[in-house]
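curious how this folds, go ahead:
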Amino acid sequence: MNDARRPPAAVLAVTLLLALGLGACGKHAPDAAGQAADVDVAEVVSKRVAEWQTYSGRLQAIERVDIRAQVPGTIVKVYFKDGQTVKKGDPLFLIDPRPYAAAVERASAQVAAAKARAVFTTADYARAQKLLAGNAISKRDFDDRFNASLTATADVKAAEAALTEAKVNLDYTAITAPVDGKVSRAERTVGNIVAAGYSSPSLTTLVSISPIYADFDVDEQTYLRDLSQVGQREVTVRLGLATDEGTPRTGKVASVDNQLNNTTGTIRVRAAFDNPDGALVPGLFARVSVGAGAQHPAILVDDRAISTDQAKKYVLVVDDKSKAQYREVTLGNLADGLRIVDTGLKPGERIIVSGFQRVHPGDVVHPKVVPMSGENDPVATR
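As a prediction, this is how the structure comes out:
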């Protein structure tokens, strides 16, 4: 062949490289397109449920007592340890009883003296009655003896009242628990002189443990639907703390306030819960769920399967061709640990509950069927 008709060497080299590149692309492109992401798929749960509205509440002790001295004096004993659980009647503090014991003895002596005086004046009055009958005493002297008898009788009552007061004050030196509960720390210790009365410093605080109240506010609709008949029937509520899964504790509505707050549109509710383990501490925040009446059919999914697209909530539904389909959903309340889906899903449909970070709508996936609860599976990070 004539050298003039031969293509240049550089052209041949470029042509060869293009051919090899196209061959490589043609070899690997179908494999890349055919790879399907491994995902966990669960069928939506379809069953009858009773919805629960959940509100934020705060725990309150049914009985809370600020322990104060009722007589002044020096603290000579503290019987409890900080945070100790006590029973009604258990000793807490002892104020030096000696001055008050002496006051009791003095009052007892005054009672004895008053009674002796009363015996004498009564006998003298009886003699005056006989003398008056024989005109042996003047009317004025008779009236004086009668008045002395009445005064002596009154003095006995006054002395007995003083003795009773002295005994009460002596009893007040031994400060005991007025209710069952848990005490706070001792604010005044041995050797401190304390005053008496409401304005005096608190020695410690005692709160009851079980049962315990949870106070929370509900909206007008919940009140009309579930709480307007409180007093005529029991209304069950549930409670959970920050560390609890769901609301495992069950209690009863104890009272509902007598008016709606016009500013917030809510009404105050108080529920009572047994607290035998003492885990419910006054002041803690809690989640309180109120039942919404009769059961109704519902679609439920695991919260971890729900994603957010701006203001919208959606899930990825896997169709019969193993393709992921975008599905916007409207969510309801929790029921049995799952989220109620009001609109967007139908019974029997399957959704991706784990691994959806690697999937886009329209992608083919490799589904692995798992239970909807997913409690034993790692929760995907969204």
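
now the strands for the stretch 151-300 of the chain?
Ranges of strands in the stretch 151-300 of the chain, per DSSP state E, counting those that start in this stretch, are 174-176, 181-183, 193-194, 204-207, 212-219, 236-240, 249-256, 266-273, 285-291, 296-301.

from the chain's centre, how far out does the fourth one sit?
So that's strand 204-207. Centroid separation between strand 204-207 and its chain, computed with C-alpha atoms, centre = their mean, to the nearest Å, is 18 Å.

quick check: buried residues in the helix ranked longest in the chain?
Longest helix in the chain by number of residues (criterion: DSSP state H): helix 98-133. With burial defined by 16 or more other C-beta atoms under 10 Å, the residues of helix 98-133 counted as buried are 100, 103-104, 107-108, 110-111, 114-115, 117-118, 121, 125, 128, 132. Placement of C-beta: from N, CA and C, glycine included.

out of these, which comes closest to Val290?
Tyr100 (52.9 Å; C-beta to C-beta).

isn't the closest one right up against Leu170?
Yes: the criterion here is C-beta atoms under 8 Å, and Tyr100 meets it with Leu170 at 4.1 Å.

which residues of the stretch 251-382 of the chain score low on pLDDT?
292-294, 374-382 (pLDDT under 70).

residue contacts, Pro178?
65, 88, 206 (C-beta atoms under 8 Å, 6 or more residues apart in numbering).

let's see it at 7 Å
When contacts are counted by C-beta atoms under 7 Å, 6 or more residues apart in numbering, Pro178 is found next to 65, 88.

and Asn192, by the same measure?
Asn192 neighbours (C-beta under 7 Å, 6+ apart): Ile75.

quick check on it: phi, psi?
phi -80, psi 140 (degrees, to the nearest 10).

how near is it to Ser200?
Applying C-beta to C-beta, to the nearest Å, the value for Asn192 to Ser200 is 12 Å.

can you pull the pLDDT of Arg6?
Note on Arg6: pLDDT of 50.

shift numbering so it begins at 702
All right, first residue 702 from here; so that's Arg707.

helices and strands around the helix or strand Gln754 falls within, which ones?
Assessed by DSSP states H and E, Gln754 sits inside strand 753-762. In terms of contacts (3 or more C-beta pairs under 7 Å, 6 or more residues apart in numbering; DSSP states H and E), strand 753-762 is packed against strand 913-920, strand 986-992, strand 1025-1036.

returning to what we had before: what's the closest of the strands of the stretch 852-1001 of the chain to Val1065?
That would be strand 997-1002 among the strands of the stretch 852-1001 of the chain, by C-beta to C-beta, at 22.1 Å.

same for that closest one, what does it pack against?
strand 746-750, strand 1039-1044.

returning to what we had before: show me which of the buried residues of helix 799-834 is closest to Val970.
Val970 has its nearest neighbour among those in Tyr801, at 46.8 Å by C-beta to C-beta.

next up, the contacts around the closest residue in space to Leu961 that isn't next to it in sequence.
Closest residue to Leu961 apart from its sequence neighbours, by C-beta to C-beta, 6 or more residues apart in numbering: Ile968 at 4.8 Å. Ile968 sits next to 918-919, 924, 957-958, 961-962 when contact means C-beta under 7 Å, 6+ apart.
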